[in-house]
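>>> Structure for this input, please:
(2 chains)
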There are 2 protein chains.
Amino acid sequence: MISVNQARDILSSNPLSLPEEFIPFQKSLNHTLASNVYADRDAPPFHRVTMDGIAIQSEVLQVKKQFKIEGIQAAGQKQMTLKNSENCLEVMTGAVLPKNTDCVVPYEMVQINKDTAKVNEFEFKKFKNVHLQGTDAKKGDLILRKDSWIHPGILGVLASLGQEKVKVVRPPKVLICATGDELVGVDQQPLPHQIRTSNVYMLEAALKNLGIAAETAHLPDHKEELRRDIEKALKSHSILLFSGAVSKGKFDFLPEVLNDLGLDILIHGVKQKPGKPFLFGRKNENFVFGFPGNPSSTLVCFHTYFKPWLSKQLKRSASQASGILAEEVIFKKPVTYHLLVRTEIQDGKIMAYPIKNSGSGDWVHLSEADAFLSLPADVETFQKNDIFPLNYFHKGVF
Amino acid sequence: MISVNQARDILSSNPLSLPEEFIPFQKSLNHTLASNVYADRDAPPFHRVTMDGIAIQSEVLQVKKQFKIEGIQAAGQKQMTLKNSENCLEVMTGAVLPKNTDCVVPYEMVQINKDTAKVNEFEFKKFKNVHLQGTDAKKGDLILRKDSWIHPGILGVLASLGQEKVKVVRPPKVLICATGDELVGVDQQPLPHQIRTSNVYMLEAALKNLGIAAETAHLPDHKEELRRDIEKALKSHSILLFSGAVSKGKFDFLPEVLNDLGLDILIHGVKQKPGKPFLFGRKNENFVFGFPGNPSSTLVCFHTYFKPWLSKQLKRSASQASGILAEEVIFKKPVTYHLLVRTEIQDGKIMAYPIKNSGSGDWVHLSEADAFLSLPADVETFQKNDIFPLNYFHKGVF
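Numbers count the residues shown, from 1 in each chain, chains lettered A, B, ... in the order given. Next up is the predicted model:
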């Protein structure tokens, strides 16, 4: 069996090429930008007023404090001109700085009496309260790099730049397959020896949080039907995720069927707990991830292998997070131990508190974990305050 | 003007009551659970086999290592009975432990020859590789508390418990309003004195990341039209978010119009930079948040005030995160300084690197920030490695 790092290396060397497409910018959130984006004009595009007040010629302030108001320059209006340099124009935030003026005295420092503005006190400075044209970018400057991840701030930039259609990487089509004849529908009352399907919905939700809309299916524990269904699914979906059917059981037909269908099984078995029977197979542009069927095993393998792999295909440079173990843990098997934890940020530190549970089949306590630490295989006693790689199950949307 | 903490206190004492509704569990991700959920049966519901192998009576191992195979107990099959206690039954992960057996020897420790299984070595232990009925929960136990946030792990639990319809808190209806006659559509070529609308799309995206589908509108900088549009919007939406029109400008009609419409303006102006003119008003179950129109001001106010307030209404117990300042910063005004930063997790610590920018109108550099630190008003020099409250703009979905 291979180590966790060996498994991750194998995944890294098996890239998926994703096509690009144009989509409306309002739908581009959480996509990967597929082209560089340049400034279509200076930012700001004009000398921009940053405070409501009066625009004057700064030099004049040295000789006088009282100014006749010639008019109002509103935001969204064509640039006005101060006719007499001893006068002023009222100006609004976001407006173009009027011609023949070079600074703005905010209303807080001005007394207005009919058509006259009196400046109370003002430290002279040219271009005070003016955001100068081109300060942040010049027309033609590279603003957003290809492969940027489109978060709300970047979506705002795309809007500012008039990128009505945005070239993005198209997310892959994913089918999540449940296996196991013990599973019945969520709407059904299980017989004593049955349980309800849950892992596929958990994975569907985890993918949804990554911005990927996946489909789900339930495949039977019968070799011929399984082969037929998988063959069909490989045509419509580039990625299949399986929960279950990868272990050594008599009805764990998945490895055999994938082999029959011409996939190379590149990983089957990793020195880790939970998730030992994890499987990864490939044929050309089809990728199959087989997660062991216990809820913790499924979710840990999803986050340890699938998420970083997908992240790489989508050009997201997600660096490995780390967390601080808040209690001593002893684990004596020579395998990587994915320890379920609840995290808390204390004084800028990510503290990880182990969640007590009865093993990988314990979905009751799995739901209390928001992350897991991956404790290395060659250590038995993990000290309080030691630092380990951390993977979040979810980060909290708030 | 009030402080940031005073503003947050005012918000805290103005709750919004949200109705509850039943929705299909598959749509319940990122909602707030509105009722306790109890176990409808034990978890696991039966003595559950956790390894593929053979089930035997553990005592018999002390006298013999070779067992005749009576049959196979598959997952999803009715419980079988071992007829002769000197024999065994093959069992699959997820199956019911057969009657008259009390432990499972995994295939890794067994040699199978036709209908006989020979155990190579096995440390005797009753209930080895069996997940005992009711270990994780008993029928009737409280499994999920009212007000839990439904993340993928909890969605899986809801499925396991057969909660096909889930009672959740219904998210509020939010309308995001742009103001400013300088704004033109993203698909338009602005005149020299105009800019494109972007803040509303940024806010729409930020809300989408919180699981809230908001609508957007562009309201005019004309008092009568603004009054008419807001009056109408207050009937269809419980929350209005404004970008712009809250400052001291001649065309910043929002405070006056809200007042005319009978709203109490509970906050208008906070000792902070950016975001000084922040406004909050209320009338019964209508809430208006006015964010200053510069992109940084809008986004900082959204995350400082609206997000924690909404979080509280949705019963999310989001504790205040903190981050470690990675470089010395000097800021001499006696107001809270919301410093844009890029964060990195290093050895379990959240390090925050200041982003250089030209002020709150600089959307080019805003897009490089993933968070901001709120530096207190009464300090001028902020030391490297000091710890401050941190708010994430986005956490990265990967």
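>>> Tell me the spacing between A:C103 and chain B.
Here A:C103 is placed at a distance of 15 Å from chain B (C-beta to the nearest C-beta, to the nearest Å). All C-beta spots, glycine's among them, are computed from the backbone N, C-alpha and C.
>>> How many residues are close by A:E224?
Neighbours of A:E224 under the rule other C-beta atoms under 10 Å in any protein chain shown: 10.
>>> Restrict the helix or strand hosting it to CA atoms and write it as PDB.
Assigned by DSSP states H and E, A:E224 belongs to helix A:223-236. Below are the C-alpha coordinates for helix A:223-236, written out as PDB (Å, rounded to 0.1, in the frame of the first residue of the first chain):
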ATOM      1  CA  LYS A 223     -21.600  -6.800 -11.700                       C
ATOM      2  CA  GLU A 224     -23.200  -6.800 -15.100                       C
ATOM      3  CA  GLU A 225     -25.600  -3.900 -14.300                       C
ATOM      4  CA  LEU A 226     -22.800  -2.000 -12.700                       C
ATOM      5  CA  ARG A 227     -20.700  -2.400 -15.700                       C
ATOM      6  CA  ARG A 228     -23.500  -1.300 -18.000                       C
ATOM      7  CA  ASP A 229     -24.300   1.800 -15.800                       C
ATOM      8  CA  ILE A 230     -20.700   2.900 -15.500                       C
ATOM      9  CA  GLU A 231     -20.000   2.500 -19.200                       C
ATOM     10  CA  LYS A 232     -22.900   4.800 -19.800                       C
ATOM     11  CA  ALA A 233     -22.000   7.300 -17.100                       C
ATOM     12  CA  LEU A 234     -18.400   7.600 -18.400                       C
ATOM     13  CA  LYS A 235     -19.900   8.900 -21.700                       C
ATOM     14  CA  SER A 236     -21.900  11.700 -20.100                       C
END
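>>> Give me the buried positions along that helix.
A:226-227, A:229-230, A:233-234 (16 or more other C-beta atoms under 10 Å in any protein chain shown).
>>> Would you mind checking which of those residues is nearest to B:E70?
When these are ranked by distance to B:E70 (C-beta to C-beta), A:L226 comes first, at 26.7 Å.
>>> list the contacts for the closest one?
Residues in contact with A:L226 (C-beta atoms under 8 Å, 6 or more residues apart in numbering or on different chains) are A:179, A:219-220, A:245, A:253-254, A:257.
>>> Restricted to strands, list those.
Those of these mapping onto strands are A:179, A:219, per DSSP state E.
>>> So for the contacts of A:L226, which is the shakiest by pLDDT?
Ranked by pLDDT, those bottom out at A:A245 (83).
>>> What separation is there between it and B:A75?
Distance of A:A245 to B:A75, computed by C-beta to C-beta, to the nearest Å: 10 Å.
>>> Tell me the residues that contact both of these two, please.
Between them, A:A245 and B:A75 share these contacting residues under C-beta under 8 Å, 6+ apart: A:180, A:221, A:251.
>>> Which one of those is nearest to A:N357?
Among those, A:G180 lies closest to A:N357 (C-beta to C-beta), at 21.1 Å.
>>> residues in contact with the closest residue to that closest one other than its chain neighbours?
In space, and not counting its chain neighbours, A:G180 is closest to A:G244: 4.8 Å by C-beta to C-beta, 6 or more residues apart in numbering or on different chains. Neighbouring residues of A:G244 by C-beta under 8 Å, 6+ apart: A:178-180, A:199, A:252, A:291-293, B:94.
>>> do the same with A:T93
Neighbour list for A:T93: A:49-52, A:75, B:247, B:249, B:293-294 [criterion: C-beta under 8 Å, 6+ apart].
>>> Relative to B:A213, which of those residues is nearest.
Closest to B:A213, out of all of the contacts of A:T93 and judged by C-beta to C-beta, is B:G293, at 23.5 Å.
>>> Skip the chain neighbours and tell me the closest residue to that closest one.
B:G244 (3.1 Å).
>>> Would you mind measuring from that neighbour to A:K138?
Using C-beta to C-beta, we find B:G244 at a distance of 26 Å from A:K138.
>>> which residues in chain A form helices?
Under the criterion DSSP state H, chain A contains helices at A:4-12, A:152-160, A:199-209, A:223-236, A:254-260, A:295-301, A:307-313, A:363-366.
>>> tell me the most buried of these?
Most buried of the helices of chain A by mean neighbour count (mean count of other C-beta atoms under 10 Å in any protein chain shown) is helix A:295-301; its value is a mean of 28.
>>> which helices and strands does that helix pack with?
Under the contact definition 3 or more C-beta pairs under 8 Å, 6 or more residues apart in numbering or on different chains; DSSP states H and E, helix A:295-301 sits against helix A:199-209, strand A:286-291, strand A:336-346, helix A:363-366, helix B:152-160.
>>> and if we set it to 7 Å?
Here helix A:295-301 touches helix A:199-209, strand A:286-291, helix A:363-366, going by 3 or more C-beta pairs under 7 Å, 6 or more residues apart in numbering or on different chains; DSSP states H and E.
>>> would you turn the ones you listed into a markdown table with distance to chain B?
Formatted as a markdown table, these follow (distance: least, C-beta to the nearest C-beta, whole Å):
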| stretch | distance to chain B |
| --- | --- |
| helix A:199-209 | 3 |
| strand A:286-291 | 13 |
| helix A:363-366 | 4 |
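>>> Narrow the contacts of A:G244 to those that are buried.
With neighbours counted using 16+ other C-beta under 10 Å, the contacts of A:G244 contain these buried positions: A:178-180, A:199, A:252, A:291-293, B:94.
>>> List the residues that contact the closest residue to A:A206 other than its chain neighbours.
Spatial nearest neighbour of A:A206, chain neighbours left out: B:P152 (4.3 Å); criterion: C-beta to C-beta, 6+ apart. Residues in contact with B:P152 (C-beta atoms under 7 Å, 6 or more residues apart in numbering or on different chains) are A:202, A:205-206, A:209, A:393-394, B:29.
>>> any weak-confidence spans in the stretch 101-250 of chain A?
Low-confidence segments of the stretch 101-250 of chain A, defined by pLDDT under 70: A:122.
>>> does A:I195 really touch A:G180, like I thought?
No. The pair A:I195 and A:G180 fails to qualify as a contact (C-beta atoms under 7 Å) at a distance of 8.5 Å.
>>> And the residue lying farthest from the centre of chain A, how close does it get to chain B?
Distance from the C-alpha centroid of chain A peaks at A:V63, with 56.2 Å (C-alpha atoms, centre = their mean). Here the criterion is C-beta to the nearest C-beta. By it, A:V63 lies 27 Å from chain B.
>>> And that residue, what's its pLDDT?
89.
>>> what does the one 10 residues further on give?
What the model reports for A:Q73 is a pLDDT of 97.
>>> Much appreciated, bye for now.
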